[in-house]
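Chemist: Need a 3D model of the following:
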Amino acid sequence: MNIGIYVGDNKVVHFTRRGQEVGTGTVLDLILVSSGPTRSQAPCPTCIPAEEGHGVFSSCVNCFLAGGVLYRFEYAVSSAVFLAKARGGTCTLALSDSSDIVVHRAKYLLNNGFGCYNVFKNNCEDFAIYCKTGLLVVDQSTMGQSGQAVSIIGGPLAAVLSTPLRLVTTNAYGMVATAVGVYCASRYAADIGMRRDVVKVSVEDLTRRLAAVLHSSLTEIEGYNEMDLPSPFSRG
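Modeler: Model prediction:
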């Protein structure tokens, strides 16, 4: 599933894997890749390609869908509606900002990027949720805003966490109900609208932070290379 922001004039701005991607190195990466539609290799004359290593670009609605079905991501849903949707990545409890603010964020990031793509911490859903809410997770070592990623991890995690409760019930239906309950609770607690480890960040401040992180990383790499290089006067 690919998630983007409609900015008018038949255009969708979205975040893709075209930048330097950070994955998990596990089969979970393949699951997330296979969940999206297969895109045509033929260039579209109306779409704006992303810059090299950028990742954010604008495409027409047809190219964005790539033969898939259009769904509307829901914001500010009630707890009951949220829990009723078993699949993650379809809705959130968080409130959306006004349309003009949302479009401004999307277009600003189209020109400045959204950092490095990461399947669990910085993917297309994280991009869209940020554009809609302005919320970012403070601790970058934890899970991002993506409900899809939480669902993929939440299923196996629920099975593991509910295992000790088998001592309470030996009924198969009871065990399934317990696992589902743990899964729903984990999704609810991890939703961007419920988390306490998020802050409201302006899009201008976000891009400044990303630029600072990139500069710091490049400086560390250069320093590391200089230390590894032998002195021109040393003898091997």
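Chemist: what does the average pLDDT come to for the host helix or strand of residue 188?
Modeler: Counting by DSSP states H and E, the element that carries residue 188 is helix 172-190. Mean pLDDT, helix 172-190: 67.
Chemist: Give the next helix or strand downstream of it.
Modeler: strand 198-200.
Chemist: Could I get the full set of strands for this structure?
Modeler: Assigned strands in the chain, in chain order: 4-8, 11-15, 56-60, 135-137, 198-200 (criterion: DSSP state E).
Chemist: would you put the C-alpha positions of the first one in CSV?
Modeler: It refers to strand 4-8. Only the C-alpha atoms of strand 4-8 are listed here, as CSV (Å, rounded to 0.1, in the frame of the first residue of the first chain):
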residue,chain,number,x,y,z
GLY,A,4,0.4,10.1,-0.4
ILE,A,5,-1.0,13.6,-0.2
TYR,A,6,-3.3,14.9,-2.9
VAL,A,7,-2.3,18.5,-3.6
GLY,A,8,-4.8,19.3,-6.3
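Chemist: other SSEs contacting it?
Modeler: Here strand 4-8 touches strand 11-15, helix 99-112, helix 124-133, going by 3 or more CB pairs under 8 Å, 6 or more residues apart in numbering; DSSP states H and E. All C-beta spots, glycine's among them, are computed from the backbone N, C-alpha and C.
Chemist: what do you get if the cut-off is 10 Å, keeping everything else the same?
Modeler: Contact partners of strand 4-8 among helices and strands, from 3 or more CB pairs under 10 Å, 6 or more residues apart in numbering; DSSP states H and E: strand 11-15, strand 56-60, helix 61-65, helix 99-112, helix 124-133.
Chemist: would you turn those into CSV with distance to residue 79, mean neighbour count and mean pLDDT?
Modeler: Listed next are the helices and strands packed on strand 4-8 as CSV, based on distance: least, CB to CB, whole Å; neighbours: other CB atoms under 10 Å; pLDDT from 0 to 100:
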stretch, distance to residue 79, mean neighbour count, mean pLDDT
strand 11-15, 28, 25, 93
strand 56-60, 32, 21, 89
helix 61-65, 31, 16, 90
helix 99-112, 24, 18, 95
helix 124-133, 17, 26, 93
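Chemist: Nearest approach to residue 81 belongs to which of those?
Modeler: helix 124-133 (16.9 Å; CB to CB).
Chemist: Run the angle between that closest one and strand 56-60 for me.
Modeler: Counting by axes from the mean of the first three to the mean of the last three CA atoms, to 10 degrees, helix 124-133 lies at 90 degrees to strand 56-60.
Chemist: Okay, now the unreliable bits of the protein?
Modeler: For the chain, applying pLDDT under 70 flags the ranges 18-43, 48-53, 140-182, 214-236.
Chemist: Now stretch 71-90: buried residues?
Modeler: For stretch 71-90, a neighbour-count test (16 or more other CB atoms under 10 Å) marks 73, 75, 77, 82, 85, 88, 89, 90 as buried.
Chemist: Now the two most distant members of these.
Modeler: Across the buried residues of stretch 71-90 (CB to CB), the longest gap, 14.5 Å, separates 75 and 88.
Chemist: if I look at residue 56, how far off is residue 12?
Modeler: 11 Å (CB to CB, to the nearest Å).
Chemist: actually residue 6, not the one I wrote
Modeler: 5 Å.
Chemist: any common contacting residues for the two?
Modeler: Common contacts of residue 6 and residue 12 (CB atoms under 10 Å, 6 or more residues apart in numbering): 61, 64, 70, 106.
Chemist: Without its sequence neighbours, what residue ends up closest to the second one?
Modeler: Spatially, and ignoring its direct neighbours in sequence, residue 64 is nearest to residue 12 (4.3 Å; CB to CB, 6 or more residues apart in numbering).
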